[in-house]
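>>> Have a look; sequence and predicted model below, questions after that.
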Amino acid sequence: MTKLTLSKAIGQGLRRSLEDDDRVVLMGEDIGALGGVYRVTDGLQEEFGADRVVDTPLAESGILGTAVGLAFRGYRPVCEIQFDGFIYPAFDQIVSQVARMHSRTGGAITMPLTIRIPWAGGIGAAEHHSDSPEALFAHTPGLRVVTVAQPQDAYDMLRAAVASDDPVLFFEPKRRYHVSADVDLDAAPARMDEARVISPGDDVTLIAYGGLVQVAVDAAIAAQDEGISIEVIDLRSLSPVDYDTLAASVRKTGRLVVTHEAALSGGIGAELVAQLTSRCFEYLEAAPVRVTGHDIPYPPAKAEKFHLPDLDRILDGVDRVLEREYAATEGR
């Protein structure tokens, strides 16, 4: 075991992928000599050379367009989008080319392409440097969309993403980059399509992903003081979704709360609630509750704390689904 931060675990996963397969190529703005703005790729260009760890121009559409050509020729490009809010210039390439190439060619061409995205809030960043666009890509057939919340998953699932023949959007919660834990560097690449029960419980199912997983765990611990048992699930894969694990939990608890940082309307939570209501309707004791960001453009840094779900808002969501008398009558 080696103690690593989440960002260093991703870096080690990239290093291992470069070692294991000569077809792996890293591409992105400032990822080479600088080592990336979060230093995730620090030292990799010196170790593997500038032809495998490539500093690109500041042009996300160009990065993804080049990566499509490389993947078409049998390489396994790993593209870094420097910040989540910078992904929109590459949206056309991702949705029109990356997601469709396998289907367009009748299965003859694969797109073994990984897109790394430092993502979401919690660090007080400037405009365009914090955003939550994951639902746009989870809604796009042909893409795998995953996120991680702790270092071992970061290492294992990054390697699995690079080894996959499917295109993968790999969302990395910026607020968790400096959280450290023991990581088994000899572990086999993990499956990317499984949710994980983090904390077992009997009264409420609480589904979270990315930076909110730890907040959800903290909520479960706090609720224990009032005799409430919350089962916390780290979703991990946003597309496809592991509905078997989620439904098994909802059938056990009869109550569902979903939390995410992105806006309420049209978010991942809406789809989870719809699917799980359909699958578990006869087991539900109350209407599911969503605790999310607000339906506004991502706010300035000073207002960020009012936008992101926190411990109190999640616990209020739990109170609402339990129909406790002092729960808020409205709220998100």
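That came through, no problem.
>>> If you count neighbours, what's buried in stretch 19-34?
23-29, 31-32 (16 or more other Cβ atoms under 10 Å). Any C-beta I mention is one placed from the backbone N, CA and C, and that applies to glycine too.
>>> looking at this, Glu172 is in a strand?
Yes - under DSSP: H, G, I helix; E, B strand; the rest coil, Glu172 falls within a strand.
>>> Now it. Nearest residue, chain neighbours left out?
Using Cβ to Cβ, 6 or more residues apart in numbering and skipping the chain neighbours, the partner closest in space to Glu172 is Pro118 (5.3 Å).
>>> quick one: stretch 67-81 to chain centroid distance?
21 Å (Cα atoms, centre = their mean, to the nearest Å).
>>> Quick check: end-to-end length of that stretch?
Terminal residues of stretch 67-81 are spaced 12 Å apart (Cα to Cα, to the nearest Å).
>>> do the same with stretch 171-180
Note: stretch 171-180 ends 18 Å apart using Cα to Cα.
>>> Show me what it is in contact with.
3-7, 10, 38, 84, 116-123, 125, 130, 134, 145-151, 154, 210-211, 214, 238 (Cβ atoms under 8 Å, 6 or more residues apart in numbering).
>>> contacting residues around Pro300?
Applying Cβ under 8 Å, 6+ apart to Pro300 gives the contacts Glu127.
>>> quick one on the thing from earlier: so of the buried residues of stretch 19-34, which ones are in strands?
Among the buried residues of stretch 19-34, the ones falling in strands (DSSP state E) are 24-28.
>>> Domain map for the chain?
2-183, 196-321 (automatic domain parsing).
>>> just the strands in the chain please.
Under DSSP E, the chain gives strands at 2-5, 24-28, 53-55, 76-80, 114-119, 144-147, 168-173, 180-183, 196-199, 204-208, 230-234, 237-239, 256-263, 289-293.
>>> Could you say which of those is packed most deeply?
Comparing these by mean neighbour count (mean count of other Cβ atoms under 10 Å), strand 204-208 comes out on top with a mean of 29.
>>> Can you give me every residue that contacts the residue lying closest to Asp295 once chain neighbours are set aside?
Nearest residue to Asp295, sequence neighbours excluded (Cβ to Cβ, 6+ apart): Ala263, at 4.8 Å. Contact analysis of Ala263 by Cβ under 8 Å, 6+ apart lists 132, 292-296.
>>> redo that, cut-off 10 Å
Residues counted as contacts of Ala263 (Cβ atoms under 10 Å, 6 or more residues apart in numbering) are 132, 135, 269, 292-298, 307, 332.
>>> Run the chain-centre distance for stretch 286-306.
Using Cα atoms, centre = their mean, the offset of stretch 286-306 from its chain centre is 17 Å.
>>> quick one, helices of the stretch 151-300 of the chain?
151-163, 212-224, 243-253, 268-280 (DSSP state H, counting those that start in this stretch).
>>> could you dump the ones you listed to JSON lines with distance to Ala59, mean neighbour count and mean pLDDT?
Listed next are those as JSON lines, based on distance: least, Cβ to Cβ, whole Å; neighbours: other Cβ atoms under 10 Å; pLDDT from 0 to 100:
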{"stretch": "helix 151-163", "distance to Ala59": "23", "mean neighbour count": "24", "mean pLDDT": "97"}
{"stretch": "helix 212-224", "distance to Ala59": "32", "mean neighbour count": "21", "mean pLDDT": "98"}
{"stretch": "helix 243-253", "distance to Ala59": "38", "mean neighbour count": "18", "mean pLDDT": "98"}
{"stretch": "helix 268-280", "distance to Ala59": "29", "mean neighbour count": "18", "mean pLDDT": "98"}
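>>> Can you say which of those is nearest to Pro89?
Checking the helices of the stretch 151-300 of the chain against Pro89 by Cβ to Cβ gives helix 151-163 as the closest, at 22.0 Å.
>>> Return the distance of that closest one from the chain's centre.
Centroid displacement of helix 151-163 relative to its chain, using Cα atoms, centre = their mean, is 12 Å.
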